[in-house]
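> Below are the sequence and a predicted model for it; my questions follow.
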Amino acid sequence: MSLEMFNLDGKVAIVTGCNTGLGQAMALGLAEAGCSVVGVNRSAPTETVAKMNAAGYNFLDLRVDLSDQSEIPKIIQRCLLVYKKVDILVNNAGIIRREDALDFSEQDWDDVMNVNSKTAFFLSQAVAKQFIAQNSGGKIINIASMLSFQGGIRVPSYTASKSALMGVTKAMANEWAKHNINVNAIAPGYMETNNTEALRADQQRNAAILERIPAQRWGKPDDIVGPCVFLASNAANYINGYTIAVDGGWLAR
Ligand code: NAP
C-alpha cells in the first residue's frame, strides 16, 4: 500500500461552516493534506484565515448564508473563477434548536431542516453536476450526527435533519457512484466545540455523557480530521453511501 493514495495535492475542497469548530479543523486538515480550500461562511472566518495564512495554505473566503439556497450557484461560480475546478465538498454547516416536542415551532423545524439537510442536498447536487462536467469524479462528505441513528430529546428538527442527511447520503451515493462520485458521511459523537459548550458546562449532563462514552472523553475537532482526509482521498474510492461514526464508541454501547 502506498501513502500516496491519501495525498490531496492540487485538490480543491469546498468546506461549509469553517469559521470555527469541526469545520475549521477539517478545512485546516484538508489544506495540510494538499488542498486549496474554499470556505463558505456567514460569519467572517477570522481565526481560520489567520491559521491558513500562517501555514501558507490557499484559502478563498466566501461569505454566504446557507439558509438560502439561491446563493448556491454563486459558490460554484466563485470557486471556478479562482481555482478552475472543484474536487471535494464537505457539508459541515449546521444548526440546532432545543424545545420540547409538544411546544416545537414550525420556524425551528424549517430553519434547521433548511440548513442541515435542504442546503446540503442542493449544494451537493450543484457540485455533483460540476464533477460530471469536469469528468473528474469527486468526493462529497456530509457531517451527520449521533442523531442520524438515535432519537435524542428536545431536538426533533435536528434529529429529522441529520437522519435525512444520512439517508440522502445513501441516495446520492447510489445515483452518482457511476460517475466516480463518492458520497459518504461522518457522524461525530460528543465533540468539544461552541455547539456543546453549554452541555459541557452543565456538571450533571457532562458527567452522564462521559460515563457513557467508552473512550471516557469528549471528542476534539482534530479527531474528525483523519476520517475526513481519508474520505476525501483515493483511499476511499470504493466507499459509497457509508456513515462513519467518530464517537469514542458511543454507538457501540
Ligand atoms: P458550530 O461550532 O456551531 O459550527 C457550525 C458552523 O455552521 C459555523 O461555522 C456556523 O456559522 C455554520 N452555519 C450555521 N448556519 C449557517 C448558515 N445559515 N450559513 C452559513 N453557515 C452556517 O458547530 P460544530 O460543533 O463545529 O458542528 C459542525 C457540524 O457538526 C454541524 O453540522 C453539527 O451539527 C455537527 N455535529 C457536531 C457535534 C458536536 O458535538 N459538536 C456532534 C454531531 C454533529 P456561524 O458561526 O456563523 O453560526
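Perfect, thanks for sending it.

> From here on, just use CA atoms for contacts and neighbour counts.
Will do.

> Tell me how many other residues crowd Glu106.
Residues contacting Glu106 under the criterion other Cα atoms under 10 Å number 9.

> per-residue pLDDT, it?
For Glu106, the pLDDT comes out at 98.

> can you check Ile132 too?
98.

> can you pull the contacts of Asn234?
5-6 (Cα atoms under 8 Å, 6 or more residues apart in numbering).

> Check the gap between it and Tyr158 for me.
Computed with Cα to Cα, to the nearest Å, the distance linking Asn234 and Tyr158 is 31 Å.

> What of Phe104?
Phe104 sits at a distance of 12 Å from Tyr158 (criterion: Cα to Cα).

> The chain against the ligand: which residues are in contact?
If contact is defined as Cα under 6 Å from any ligand atom, the residues of the chain in contact with the ligand are 17-23, 41-43, 64-67, 92-95, 115, 143-145, 188-196.

> Compare Phe104 and Tyr158 (neighbour count), which wins?
Under the criterion of other Cα under 10 Å, the comparison of Phe104 against Tyr158 puts Tyr158 first, with 27 against 16.

> ok so, going back, keep only those of the residues of the chain next to the ligand that are in helices.
Under the assignment DSSP state H, the residues of the chain next to the ligand contribute 21-23 to helices.

> out of the residues of the chain next to the ligand, which are buried?
Buried residues within these, defined by neighbour count using 16 or more other Cα atoms under 10 Å: 17-23, 41-42, 64-67, 92-94, 115, 143-145, 188-193, 195.

> one step back: now the ones in helices among the residues of the chain next to the ligand in CSV, with pLDDT?
What follows is these, written out as CSV (pLDDT from 0 to 100):
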residue, pLDDT
Gly21, 97
Leu22, 98
Gly23, 98
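
> need the helices for the stretch 101-250 of the chain, in chain order.
Listed in chain order, the helices of the stretch 101-250 of the chain (DSSP state H, counting those that start in this stretch) span 106-113, 120-134, 156-176, 197-201, 203-212, 225-232.

> Tell me how far the third one lies from the chain's centre.
The gap between the average C-alpha position of helix 156-176 and the chain average comes to 12 Å, counting by Cα atoms, centre = their mean, to the nearest Å.

> For Gly152, which non-adjacent residue is spatially closest?
Sequence neighbours aside, Thr159 is the residue nearest to Gly152 in space, at 6.8 Å (criterion: Cα to Cα, 6 or more residues apart in numbering).

> same question but for Lys170, I mixed them up
With Cα to Cα, 6+ apart, the residue lying closest to Lys170 is Gly241, at 4.1 Å.

> repeat for Glu71
Val64 (6.8 Å).

> Nothing else from me, thank you.
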